[in-house]
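Student: Pasting the sequence and the predicted coordinates here, then a few questions.
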Amino acid sequence: MPGLDRQLVEHKLPIKDGYLPVKQARRRMSMDTELKVKEEIERLLKAGFIRPAIYADWLANIVPVLKRKTGAVRICVDYRNLNEASPKDEYPMPMADMLIDGAAHNQILSFMDGNAGYNQIMMAEQDIHKTAFMCPGHIGAFEYTVMPFGLRNAGATYQRAMNSIFHDMIGHSLEVYIDDVVIKSPKEGDHISNLRKAFLRMRQHKLKMNPKKCVFGVQAGNFLGFLVHHRGIEVDKNKAKSIMEALPPRNKKELQSLLGKINFLRRFISNSVGKIQPFSSLLRLKQEQAFKWEEQHQRAFQEIKDYLSNPPVLSPPKRGRPLKLYVSASEVSIGSLLFQDNKEGKEQAVYYLSRTLTEVERRYSAIERLCLALYFTAVKLRHYMLPHTIYIIAKTDLIKYMLTRPMLRGRIGKWTLALTEFTLRYVPQKAVKGQAVADFLADHPGEEIENMDSSL
């Protein structure tokens, strides 16, 4: 399979000073596994992805991964030593949230996935020998002529290539994250033209897509783990299902796995840190301590399941309309809801945000915690907030003084200075009505702040 031109991109493996080549100790495998590995090696040789390695100084073991559907194996290489010796490529990767937002609010979408994506990029000739790996039995040692999975910076190299290929289309008719591509069209009649332009660019650069993983001309589809369509963004049903059908965790490792799945959906979950807070004591257990799932843990787990049975549909903000931001703070956490009214005046949630306070932050005054919530949100959601006028809503009008008083000292002064790049306006809570805000208030009881705080 022809790859991308070396003039466009090739993967390099520089080594940091002080690191010497490592040859890993050889590992044994069963005879059945050896036979399957040999078949895969023959396929890779025929495709031109690998070649025999001679006098290898770097030498790694393989980790065969069984393909359940076919019974064949996929060869992964244990490149831990090589990756440790390689400096990090600081190429800026796109923000997944922004790509997902960009794919939403379109009438027609087409989704594509690279065909053996990483293997379409050639290894730099001088670095091929560093990719050497050994196989069990008599199969031998080989090295990759193309970029394999598992190498440090492979994702950055691929993204750099995609950005070069589609530089004038990204953000307009196309979004791409490594080997995931979506062609988008706000108007149905433009989609054929957008597809044609993308295909011509792929043909020009010999970029191959996997036809089995392509879907064309649909109104909705999965992109980077979320369902995108013309109305906005939804939780992927399979991801919600994996949580809702999960059994109570039996140990700390299973709990961490469960929380990882919940954390992936945190953008959709109002006060997500509050909902998972009952599990914190289990996460702090030491190895010798018993893991005990109790009634309060089950109640919290069930609350999360109930929430995910009908999660909100998020709507990326549209330019030309102001955004509204509700901030809240308690003694242990802070949170916010960013939303926008549509043409009919109905509120549409954009992003839910929350985090646990540190021990130091829990000693802040109530108004300081509320101001911290505003500052934290502005830092995290800066890309949403900068182009818009933001109406700030809170239980207390003391936020208004933070925004209008010219001189404030201490922490609040520092935060206020950082907020000067935004266009912020204060709105009393009673002036805002709607289900999203009502649900947010229910999830964030917050604190009552009645008097002017001395920290101001």
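Tutor: Everything's here; your move.

Student: When you work out contacts or count neighbours from here on, use the C-alpha atoms and nothing else.
Tutor: Will do.

Student: can you count the residues close to Ala154?
Tutor: Other residues within reach of Ala154, judged by other CA atoms under 10 Å, total 20.

Student: Buried residues in stretch 247-265, which are they?
Tutor: 249, 252, 258, 262, 265 (16 or more other CA atoms under 10 Å).

Student: Against which helices or strands is the strand or helix carrying His297 packed?
Tutor: For His297, the element it lies in under DSSP states H and E is helix 295-308. Where contact means 3 or more CA pairs under 8 Å, 6 or more residues apart in numbering; DSSP states H and E, helix 295-308 is packed against helix 237-244, helix 272-276.

Student: Report the angle between that helix and helix 237-244.
Tutor: Orientation of helix 295-308 against helix 237-244 (axes from the mean of the first three to the mean of the last three CA atoms, to 10 degrees) gives an angle of 160 degrees.

Student: Show residues contacting helix 295-308.
Tutor: By CA atoms under 8 Å, 6 or more residues apart in numbering, the residues outside helix 295-308 that reach it are 240, 243-244, 248, 269, 275-276, 278-279.

Student: please redo it, this time with the cut-off set to 6 Å
Tutor: Helix 295-308 is contacted by residues Met244 when judged by CA atoms under 6 Å, 6 or more residues apart in numbering.

Student: can you redo the helices and strands packed on helix 295-308 as CSV with mean pLDDT, distance to His297 and mean neighbour count?
Tutor: Conversion of these to CSV gives the following (pLDDT from 0 to 100; distance: least, CA to CA, whole Å; neighbours: other CA atoms under 10 Å):
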stretch, mean pLDDT, distance to His297, mean neighbour count
helix 237-244, 94, 15, 15
helix 272-276, 93, 9, 19
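
Student: can you put those in a markdown table and add distance to Arg355?
Tutor: Below are these laid out as a markdown table (distance: least, CA to CA, whole Å):
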| stretch | distance to Arg355 |
| --- | --- |
| helix 237-244 | 21 |
| helix 272-276 | 6 |
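
Student: Tell me which of these approaches Arg203 most closely.
Tutor: Within those, the stretch nearest Arg203 is helix 237-244; the backing value is 33.9 Å (CA to CA).

Student: the longest helix in the protein is where?
Tutor: helix 31-47 (DSSP state H).

Student: and it, which residues are buried?
Tutor: Buried residues in helix 31-47 (16+ other CA under 10 Å): 33-38, 40-41.

Student: Averaged pLDDT, it. What do you get?
Tutor: Across helix 31-47, pLDDT averages out at 92.

Student: Next up, the contacts around Asn210.
Tutor: 113-115.

Student: Could you measure from it over to Glu125?
Tutor: For Asn210, the distance to Glu125 under the criterion CA to CA, to the nearest Å works out to 27 Å.

Student: so where's the stretch 301-450 of the chain uncertain?
Tutor: Low-confidence regions of the stretch 301-450 of the chain, defined here as pLDDT under 70, cover residues 405-408, 429-450.

Student: Could you pull out the helices in it for me?
Tutor: 366-380, 382-385, 398-404, 410-418, 435-443 (DSSP state H, counting those that start in this stretch).

Student: ranking the ones you listed by burial, who's on top?
Tutor: For those, the largest average neighbour count (mean count of other CA atoms under 10 Å) is found in helix 366-380, namely a mean of 21.

Student: what sits up against it?
Tutor: With CA under 6 Å, 6+ apart as the test, helix 366-380 has contacts from 329, 334.

Student: Same question for stretch 28-48.
Tutor: Ile50.

Student: Now find how far off-centre that stretch is within its chain.
Tutor: Between the centre of stretch 28-48 and the centre of its host chain there is 34 Å, according to CA atoms, centre = their mean, to the nearest Å.

Student: Restricting to C-alpha, output it in PDB.
Tutor: C-alpha atoms of stretch 28-48 as PDB (Å, rounded to 0.1, in the frame of the first residue of the first chain):
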ATOM      1  CA  ARG A  28       8.000 -17.100  25.600                       C
ATOM      2  CA  MET A  29       4.700 -17.800  24.000                       C
ATOM      3  CA  SER A  30       2.500 -20.800  23.300                       C
ATOM      4  CA  MET A  31       2.800 -22.700  20.100                       C
ATOM      5  CA  ASP A  32      -0.700 -21.600  19.000                       C
ATOM      6  CA  THR A  33       0.200 -18.000  19.500                       C
ATOM      7  CA  GLU A  34       3.500 -18.500  17.600                       C
ATOM      8  CA  LEU A  35       1.600 -19.800  14.500                       C
ATOM      9  CA  LYS A  36      -0.800 -16.800  14.600                       C
ATOM     10  CA  VAL A  37       2.100 -14.400  15.000                       C
ATOM     11  CA  LYS A  38       3.900 -16.000  12.000                       C
ATOM     12  CA  GLU A  39       0.800 -15.500   9.800                       C
ATOM     13  CA  GLU A  40       0.600 -11.800  10.800                       C
ATOM     14  CA  ILE A  41       4.400 -11.300  10.200                       C
ATOM     15  CA  GLU A  42       4.000 -12.800   6.700                       C
ATOM     16  CA  ARG A  43       1.100 -10.300   6.000                       C
ATOM     17  CA  LEU A  44       3.200  -7.400   7.300                       C
ATOM     18  CA  LEU A  45       6.100  -8.400   5.100                       C
ATOM     19  CA  LYS A  46       4.000  -8.800   2.100                       C
ATOM     20  CA  ALA A  47       2.500  -5.300   2.600                       C
ATOM     21  CA  GLY A  48       6.000  -3.900   2.900                       C
END
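
Student: ok, back up a step: which of the helices and strands packed on helix 295-308 sits closest to Ala418?
Tutor: Each of those was scored for nearness to Ala418 using CA to CA, and the closest is helix 272-276 (25.1 Å).

Student: circling back: any chance of TSV for the buried residues of stretch 247-265, columns distance to Ile165, secondary structure and pLDDT?
Tutor: Listed next are these as TSV, based on distance: CA to CA, whole Å; DSSP: H, G, I helix; E, B strand; the rest coil; pLDDT from 0 to 100:
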residue	distance to Ile165	secondary structure	pLDDT
Pro249	45	coil	95
Lys252	45	helix	94
Leu258	38	helix	96
Ile262	35	helix	96
Leu265	31	coil	95
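
Student: and those residues as CSV, adding distance to Cys135?
Tutor: Output for those, formatted as CSV (distance: CA to CA, whole Å):
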residue, distance to Cys135
Pro249, 37
Lys252, 35
Leu258, 35
Ile262, 38
Leu265, 40
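
Student: Among these, pick out the one closest to Asn194, please.
Tutor: Distance ranking of the buried residues of stretch 247-265 against Asn194, using CA to CA, places Leu265 first at 30.8 Å.
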